[in-house]
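# For reference, the sequence and a predicted model appear below.
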Amino acid sequence: MSGYQQEYLKAQTEPEAFWRDQAEQLDWFEKPKTILANDENGIERWFPDGVMNTAWLALDYHCENGRGDKTALIYDSPVTAKRQAYSYFELRDQVAKIAGMLAGMGVEKGDRVVIYMPMVPEAAMAMLACARLGVIHSVVFGGFAPNELAVRIEDAEPKVLMTASCGIEVSKVIPYKPLVDKAIMDSRWKPEKVVVLQRPESAATLDQERDVDWQTAYEAAQPHDCVPVLATDPLYILYTSGTTGKPKGVVRDNGGHAVAMKYSMKAVYDMPQDGVFWAASDVGWVVGHSYIVYAPLIHGCTTILFEGKPVRTPDPGAFWRVCQDYGVNVLFSAPTAFRAIKKEDPEGNYVNEYDLSSLKSIFMAGERLDPPTYDWVVEKTGKPVIDHWWQTETGWAIACDPMGIEVMPVKAGSSTKPTPGYQVEVLDALGNSLKANQQGYVALKRPLPPSCLPTVWRNHDRFETGYLSQFPGYYVSGDGGYLDEEGYLFIMGRIDDVINVAGHRLSTGEMEEIVGAHPAVAECAVIGIHDELKGQLPVGFVVLKDGVDIASDQLAGELVAKVREEIGAVACFKLALVVDRLPKTRSGKILRRTMRQIADGEQYVVPSTIDDPSSLNEIERVLQR
């Protein structure tokens, strides 16, 4: 058997032995004797009697073992022209003082702290300080609308909220304090204290009774030691969008999370301990939690925290510049970031300006990696590009090309094979396993591996109904796709992105592959809209590459012909519309469901995670034409 087959089979047939071995890689205060057990809700829990602390693993352990002088975190901010590096010693000491600052405000193990901050080092330090105290943090993307922040405050009930005076975008400064004040005013729950990090770009006015100046409190604080916690104690709550409109609080435990993070750095990313890892994301997203803060530091390598964008900070060479400047070994971002680069630099001229010799591989996740984007990045960089699939709910890759176990041949459009620990099956509507190449519901057979959510914060019924009840014995991912005859997994999009045209179930993801391959198209989305005769009809929305000059009618004709040629007349693809931009979340996911609601004339709620609300107006205008 191949290395991958051996590892996968052991994780599948001997899960407790497999994960006991992985747990041995960590420095526990009390090693777990029980590896897997069910809790009072019948949910599998990993290492339930293990005692540990995540911040100890991420910082103190390295300092105690002679690696304290190694660079732990690099802050690179093109929007403020600041750069700073922190050793493991320096990061540990600052985190210990921030923990002491929080403890001085009465925050203790089991309490919650909401962190609403821009991409500054103090955001990561605040997360680690909470972990140090056994306090549950909930990071909310800085700049989120007050009503969305209010909903999260009400649900998490934090004792303290930590924020900064402002966030800085490419061309504007966003004051955070007015947003925080409005959110707290609108929330039924009121934090006792609001700690404000003052930034010189826009200082905030502080409320004398409630607000605390970060720097003043920090200077007066005493360092705090790591508080022992059970492996099953929550590390954080991260809110993800729910179909009801009310966000779901995904709960992540300490022990299973730490074991999975450590394992993934070698098995998935093949990351050397003395290397440099860069997840070009935001701490407000799960990628930021897992792969900016926790996994790289637990592994003991250098992580990069980047306050900028893939383009316009200052140009489409931003990613390549960071890779050159710090000797990045592994780069991880969303496909939408690379599509933005491709749109502004279609010939890849900026790639050639930088030395990328240190870069071993480029990973992408967060949405489906369409083959045209994959092909462009491979062609222009000459680097291996690895698509891997995972969710906020899992915290790490469900399927990947496991670079640290065995490098497999790439199939464009596939996230390769299930990661050891995950048992992926494709089911029909009745819960029966489907044969190779048949599309259906992508589900994970239980027990789920370490790090996967054990519940939704204070709403276990929502966890059961949303993920477990549809197919007993399985976790339902919400994504549709198929496994091919070699066991490669193809995720074709959310289940509701499969459309029904005159009785034929068709994947919009497949149509997007064809549309996106056109040389004039930078990115695209295909949605199904209501049709009285056929039930649904597909409509394509395309964004052109910069500098491309092609008549809309000509482009539409070529796209329609190509879809007809590759899928057939059954697709009924007859309409392709050019737009300046697609509506997306801040993490880069295209808001197809909202676009569908607009097209069908339904009432819709502007999603809390939207990056640019005016992009929805453009969809309305184009459809009206």
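Done, it's in.
# okay but residue 257 is in contact with residue 293, surely?
No: using C-beta atoms under 8 Å, residue 257 is not in contact with residue 293, being 11.3 Å away. For the C-beta atoms, the positions are set from N, CA and C on the backbone; glycine is no exception.
# Confirm residue 529 sits in a helix?
No: Residue 529 is assigned strand when assessed by DSSP: H, G, I helix; E, B strand; the rest coil, not a helix.
# any idea which helix or strand comes after the helix or strand of the chain with the lowest mean pLDDT?
Scoring the helices and strands of the chain by mean pLDDT, DSSP states H and E places strand 504-507 at the bottom, with a mean of 72. Going down the chain from strand 504-507, the next helix or strand is helix 508-516, by DSSP states H and E.
# pLDDT weak spots in the chain?
242-245, 496, 503-505 (pLDDT under 70).
# what sits against residue 420?
4, 7-8, 10-12, 18, 267, 402, 405 (C-beta atoms under 8 Å, 6 or more residues apart in numbering).
# Most neighbours among the residues you listed, please name it.
residue 402 (27 neighbours; other C-beta atoms under 10 Å).
# surely it meets residue 4?
Yes: look at residue 402 against residue 4 with C-beta under 8 Å: they come within range, at 5.9 Å.
# Next up, the contacts around residue 10.
Contacts of residue 10 by C-beta under 8 Å, 6+ apart are 17-18, 420.
# do that again at 7 Å, thanks
Contacts for residue 10 were tallied using C-beta atoms under 7 Å, 6 or more residues apart in numbering; they are residue 18.
# For the helix or strand where it lies, what is the distance to the chain centroid?
In the assignment (DSSP H and E), residue 10 maps to helix 3-13. Offset of helix 3-13 from its chain centre (C-alpha atoms, centre = their mean, to the nearest Å): 26 Å.
# quick one, what contacts the residue nearest to residue 106 when sequence neighbours are not counted?
The shortest distance from residue 106 to any non-neighbouring residue, by C-beta to C-beta, 6 or more residues apart in numbering, is to residue 159 (6.8 Å). Residue 159 is in contact with 106-107, 111-113, 191-192, counting by C-beta under 7 Å, 6+ apart.
# which ones are touching the residue nearest to residue 286 when sequence neighbours are not counted?
With C-beta to C-beta, 6+ apart as the criterion, residue 286 has its nearest non-adjacent residue at 4.3 Å, and that residue is residue 392. Neighbouring residues of residue 392 by C-beta under 7 Å, 6+ apart: 238, 240, 250, 286.
# Neighbours of the second one, how many?
Residues within reach of residue 240, counting by other C-beta under 10 Å, total 16.
# Go ahead and confirm it touches residue 246.
No: checked against C-beta atoms under 7 Å, the pair residue 240 and residue 246 is beyond contact range at 11.0 Å.
# which residues touch the residue of the chain most remote from its centre?
What lies farthest from the middle of the chain is residue 533; by C-alpha atoms, centre = their mean that is 39.2 Å. If you count contacts by C-beta under 7 Å, 6+ apart, residue 533 has none.
# three-state assignment of it?
coil.
# do the one 10 residues further on as well
When the structure is split into helix, strand and coil by three-state DSSP, residue 543 lands in strand.
# show me the contacts for it.
343, 522-524, 579-582.
# May I see those residues arranged in a markdown table, with neighbour count, secondary structure and distance to residue 75 as well?
Below are these laid out as a markdown table (neighbours: other C-beta atoms under 10 Å; DSSP: H, G, I helix; E, B strand; the rest coil; distance: C-beta to C-beta, whole Å):
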| residue | neighbour count | secondary structure | distance to residue 75 |
| --- | --- | --- | --- |
| 343 | 20 | helix | 28 |
| 522 | 24 | strand | 31 |
| 523 | 26 | strand | 30 |
| 524 | 27 | strand | 35 |
| 579 | 17 | coil | 35 |
| 580 | 10 | coil | 33 |
| 581 | 17 | coil | 29 |
| 582 | 24 | coil | 31 |
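# roughly how far out does stretch 387-407 sit from the chain middle?
Worked out by C-alpha atoms, centre = their mean, stretch 387-407 lies 12 Å from the chain centre.
# export that stretch as PDB, just CAs?
Extracted in PDB, the C-alpha atoms of stretch 387-407 (Å, rounded to 0.1, in the frame of the first residue of the first chain):
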ATOM      1  CA  ASP A 387      -6.900  22.600  -3.700                       C
ATOM      2  CA  HIS A 388      -8.200  21.400  -0.300                       C
ATOM      3  CA  TRP A 389     -11.700  21.400   1.000                       C
ATOM      4  CA  TRP A 390     -12.800  22.200   4.600                       C
ATOM      5  CA  GLN A 391     -15.300  24.200   6.600                       C
ATOM      6  CA  THR A 392     -15.600  26.500   9.500                       C
ATOM      7  CA  GLU A 393     -17.200  23.600  11.300                       C
ATOM      8  CA  THR A 394     -14.200  21.300  10.900                       C
ATOM      9  CA  GLY A 395     -11.300  23.700  11.400                       C
ATOM     10  CA  TRP A 396      -9.000  21.900   9.000                       C
ATOM     11  CA  ALA A 397      -9.000  20.000   5.700                       C
ATOM     12  CA  ILE A 398     -11.500  17.300   5.000                       C
ATOM     13  CA  ALA A 399      -9.900  16.500   1.700                       C
ATOM     14  CA  CYS A 400      -6.500  17.400   0.400                       C
ATOM     15  CA  ASP A 401      -3.400  16.300  -1.400                       C
ATOM     16  CA  PRO A 402      -1.400  15.300   1.700                       C
ATOM     17  CA  MET A 403       1.900  16.800   0.900                       C
ATOM     18  CA  GLY A 404       3.600  15.500   4.000                       C
ATOM     19  CA  ILE A 405       2.400  11.900   3.500                       C
ATOM     20  CA  GLU A 406       2.400  11.300  -0.200                       C
ATOM     21  CA  VAL A 407       2.100  13.700  -3.100                       C
END
